[in-house]
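1. Predicted model and sequence below, questions to follow.
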Protein chains: 2
Amino acid sequence: MTTTLVTNIGSLVTNDPALGEGPLGLVEDAAVVMDGDRVTWVGPAAKAPAADAAYDAGGRALIPGFVDSHSHLVFAGDRTQEFNARMSGRSYTAGGIRTTVAATRSATDAQLEANLVRHLHEARRQGTTTFETKSGYGLTVEDEARALRIAAAHTDEVTYLGAHIVSPDYAEDPAAYVDLVTGEMLTACAPYARWVDVFCEKGAFDGDQARAILTAGKAAGLIPRIHANQLSFGPGVQLGVELGAASADHCTHLTDADVDALANSETVATLLPGAEFSTRAQWPDARRLLDAGATVALSTDCNPGSSYTSSMPFCIALAVRDMGMTPDEALWSATAGGARALRRTDIGALTPGARADLVLLDAPSHVHLAYRPGVPLVHAVWQRGERVV
Amino acid sequence: MTTTLVTNIGSLVTNDPALGEGPLGLVEDAAVVMDGDRVTWVGPAAKAPAADAAYDAGGRALIPGFVDSHSHLVFAGDRTQEFNARMSGRSYTAGGIRTTVAATRSATDAQLEANLVRHLHEARRQGTTTFETKSGYGLTVEDEARALRIAAAHTDEVTYLGAHIVSPDYAEDPAAYVDLVTGEMLTACAPYARWVDVFCEKGAFDGDQARAILTAGKAAGLIPRIHANQLSFGPGVQLGVELGAASADHCTHLTDADVDALANSETVATLLPGAEFSTRAQWPDARRLLDAGATVALSTDCNPGSSYTSSMPFCIALAVRDMGMTPDEALWSATAGGARALRRTDIGALTPGARADLVLLDAPSHVHLAYRPGVPLVHAVWQRGERVV
């Protein structure tokens, strides 16, 4: 194995308070040593050990790779016309998610995989080194299993979301669709997935249905996560906490009891500002959650309908501008927070033993991700120790 | 001269209604021919003439290069700490613009030029092919002239902004600073500049001072533009219209009379959403201006204090989300609108005879600039016919 010393780092975010200043464990004039796919040493450059190879970071800031813990990337087609109509004040009567379901079902495996890979590469160029992705645009046993099989070839963080909406094929009998999702579809999908998810919302699945779906998923060995309280108040967040969900995602409409439930649990509140941006919706209140003591993650929700961004830096800038997060908190939530939401301890931090997922910024500080909104600042990316950007 | 045919363009924005559909003059399945630094032909690919060389656009969308008609790029240092404090709710007593003035005065010519070039390249990678930039961080005769001389080596669109704020050296005698700006400083600066500008605002320059500054600039052969109505209601917009300013910039706080004045003049309303984003300020109302018949441009206002973004795509996404513009209107304002604000007829459109400033997007449509916020979508850039990205 060859060791590599990354030196002349202007500012290093370790996300370990024991290794540096503040909650981000910031180290100035720092260095990092990688050995194979792992970080083996971090600290002040002046104290760095020798290594086989060296990389001069040129005074740039180094941060852990972004952990995007919520995306929907197995799909075909796009919804440009729908977006354009919404943003131009024109009515548009096409089918929303159903449009993407139809396009996805019609696509070949190769087309779906190529589209997934294209988006993954795009995200990687923007500093994302771990991503979760979901099914949910197939809504038949075969199409959901296919989506998860394709996803599983590209990430360990695969989520079964047969319960994205009630399949149009079951519009007259939603209960039968819940039976399918908790029965034959689950059996076909579970081998490819780590997580089970449900869109708990008016017009999608109510609390009882969501409970049945997550409970069945747990019985099949999957860990729950939940789309909760996005468009309206509802039972999602508290159901997720009760069932031990790793994350409750969206959290836009929360009662005090919802906030308390999150603050007193291991369930992470994953906020997805791209969705509120692209639908002109109310922002989730990150400040309220943080002040209550909840753990907050930031993710893209990348999907062709409500949030077609793959940019974690963009989400950071929005979280700082509109959700009451400080630049430090937003960076933590986009890295360590995402790792928590995926129950991972090997990513989201740059500490000895962590996976060598590193992002070097064309900036002297991670604060520039919010200070320079929209500007592509990713200079280099290492994934598992390999330089990929 | 070698002609180049760009073919297999999925969707082409010409900004000429005579050449295609709607105000953007959209052509599907299009081609463009360049000869040297000019466009010589645009139309359906099936009718394209022969050319010496060919470039396959791969079905991507082609748009005119962005015209960023408002930036402040001759500066040194940054203001990360000030931004971080503002966004973290901490008080910060440093000097705002004065911090940048001190850093700029201390920098060498080479440092200022290197910083300018770094930002220009960054903007170009994001599709900006024409940029205006200003002095305003020197505030002495020598430092203002130096800034303009450096800028003039890199763009034709140079703006004398000695009247950015009253120089700290004249804090006790602002009238004497106006005399300097309209006298010796103007004489030293006019040879390098095309435009004269003033920050007309409480705490900067009032209506009478702004009138004196723009009038003196006109007498020296410069064309006026004005920072108007950014932080509060005031005389700036109507003064600009009265004096024949090419553009009134910011336009955040407008009375009905201000809107009428803009709508019944050749003065462009240049909106700068990066500033409102980065200072959490009220958005300018583009819809109101457009509905009244005013011409609207979009620009970055790139500067290290209030809007440190160089991204025209980011400004488009904000304008669509928060300022009531349609994706088509925002694209027009970021290209043709900027050209109007600079009184240029050779840029901002892709028509026979126009400058060959082309941006190819990793997207099938220009709508993706708003639909995919934060995602770097620029695939290739030609500036004056030369491939630069």
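-> Ah, there it is. Numbers count the residues shown, from 1 in each chain, chains lettered A, B, ... in the order given.

2. Could you check how far the residue positioned nearest the centre of chain A is from residue A:293?
-> Nearest to the mean C-alpha position of chain A, by CA atoms, centre = their mean, lies residue A:69 at 2.2 Å. With distances taken as CB to CB, to the nearest Å, residue A:69 is found 20 Å from residue A:293. Every residue, glycine included, has its C-beta placed from N, CA and C.

3. What about the residue in the stretch 201-350 of chain A that chain B sits nearest to, how many residues nearby?
-> Among the residues of the stretch 201-350 of chain A, residue A:314 lies closest to chain B, at 2.5 Å counting by CB to the nearest CB. The burial count assigned to residue A:314 is 24, neighbours taken as other CB atoms under 10 Å in any protein chain shown.

4. Verify the contact between it and residue A:274 for me.
-> Yes: checked against CB atoms under 8 Å, the pair residue A:314 and residue A:274 is within contact range at 7.0 Å.

5. Can you name the residues of the stretch 1-150 of chain A sitting close to chain B?
-> A:78, A:80, A:83, A:84, A:87, A:88, A:89, A:122, A:125, A:126 (CB under 8 Å from any CB of the partner chain).

6. give me phi/psi at the first one?
-> Same thing as residue A:78. Backbone torsions for residue A:78, taken as degrees, to the nearest 10, come to phi -140, psi -180.

7. repeat for the third one
-> Here is the backbone geometry of residue A:83 (degrees, to the nearest 10): phi -60, psi -50.

8. Can you name every helix or strand that the helix or strand bottoming out on mean pLDDT in chain A contacts?
-> Among the helical and strand segments of chain A, the one scoring lowest on mean pLDDT, DSSP states H and E is helix A:80-87, with a mean of 93. Helix A:80-87 is packed against helix B:327-332, helix B:368-371, with contacts defined by 3 or more CB pairs under 8 Å, 6 or more residues apart in numbering or on different chains; DSSP states H and E.

9. Quick check: residue A:365 touching residue B:79?
-> No: in this structure, residue A:365 sits apart from residue B:79 without contact. The criterion is CB under 8 Å, and the distance is 11.5 Å.

10. ok, back up a step: with just CA atoms, put the least confident helix or strand of chain A into CSV.
-> In CSV, the C-alpha atoms belonging to helix A:80-87 read as follows (Å, rounded to 0.1, in the frame of the first residue of the first chain):
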residue,chain,number,x,y,z
THR,A,80,-38.7,20.4,-17.8
GLN,A,81,-42.1,21.4,-19.2
GLU,A,82,-43.8,20.9,-15.8
PHE,A,83,-41.2,23.0,-14.1
ASN,A,84,-41.4,25.7,-16.7
ALA,A,85,-45.1,25.9,-16.5
ARG,A,86,-45.1,26.0,-12.7
MET,A,87,-42.5,28.8,-12.6
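
11. so which of the helices and strands packed on helix A:80-87 gets nearest residue A:351?
-> Shortest separation from residue A:351 across the helices and strands packed on helix A:80-87 is recorded for helix B:368-371, at 38.0 Å, computed as CB to CB.

12. among the residues of the stretch 1-150 of chain A next to chain B, which two are most distant?
-> The widest separation within the residues of the stretch 1-150 of chain A next to chain B, taken as CB to CB, falls between A:89 and A:125 and amounts to 33.5 Å.

13. Neighbour count: these two, which is higher?
-> Taking other CB under 10 Å, residue A:89 and residue A:125 do not tie; residue A:125 has more neighbours (17 against 9).

14. give the contact list for that one.
-> Contacts for residue A:125 were tallied using CB atoms under 8 Å, 6 or more residues apart in numbering or on different chains; they are A:376, A:378, A:381, A:389, B:376.

15. With residue A:338 instead?
-> A:66, A:67, A:68, A:69, A:130, A:270, A:297, A:298, A:299, A:348.

16. Please, a PyMOL command that selects the buried ones among those residues?
-> Selecting the buried subset of the contacts of residue A:338 in PyMOL, with 16 or more other CB atoms under 10 Å in any protein chain shown as the burial test, is done by:
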select buried, chain A and resi 66+67+68+69+130+270+297+298+299+348
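
17. pLDDT and secondary structure added to the contacts of residue A:338, as a markdown table?
-> Output for those, formatted as a markdown table (pLDDT from 0 to 100; DSSP: H, G, I helix; E, B strand; the rest coil):
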| residue | pLDDT | secondary structure |
| --- | --- | --- |
| A:66 | 99 | strand |
| A:67 | 98 | strand |
| A:68 | 98 | strand |
| A:69 | 98 | coil |
| A:130 | 98 | strand |
| A:270 | 98 | strand |
| A:297 | 99 | strand |
| A:298 | 98 | strand |
| A:299 | 98 | coil |
| A:348 | 98 | coil |
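
18. quick revisit: what residues are shared contacts of residue A:314 and residue A:274?
-> If you check residue A:314 and residue A:274 against CB under 8 Å, 6+ apart, the residues they both contact are B:373, B:374.

19. which parts of the stretch 151-300 of chain A sit against chain B?
-> Contacts of the stretch 151-300 of chain A with chain B, taken as CB under 8 Å from any CB, map to A:274, A:277, A:278, A:280.

20. could those residues go into JSON lines alongside pLDDT?
-> Listed next are those as JSON lines, based on pLDDT from 0 to 100:
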{"residue": "A:274", "pLDDT": "98"}
{"residue": "A:277", "pLDDT": "98"}
{"residue": "A:278", "pLDDT": "96"}
{"residue": "A:280", "pLDDT": "95"}
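
21. Would you check which pair of those residues lies furthest apart?
-> Using CB to CB, the pair of these lying farthest apart is A:274 and A:280, separated by 12.3 Å.

22. Tell me the secondary structure at residue A:316.
-> Residue A:316 falls in the helix class when you classify it by DSSP: H, G, I helix; E, B strand; the rest coil.

23. For it, which residues are in contact?
-> For residue A:316, the contacting residues are A:298, A:327, A:330, A:331, A:334, A:369, A:370, taking CB under 8 Å, 6+ apart as the criterion.

24. Spell out which residues sit in contact with the first one, please.
-> Under the criterion of CB under 8 Å, 6+ apart, the contact list for residue A:298 reads A:270-273, A:312, A:315-316, A:319, A:330, A:333-334, A:337-338.
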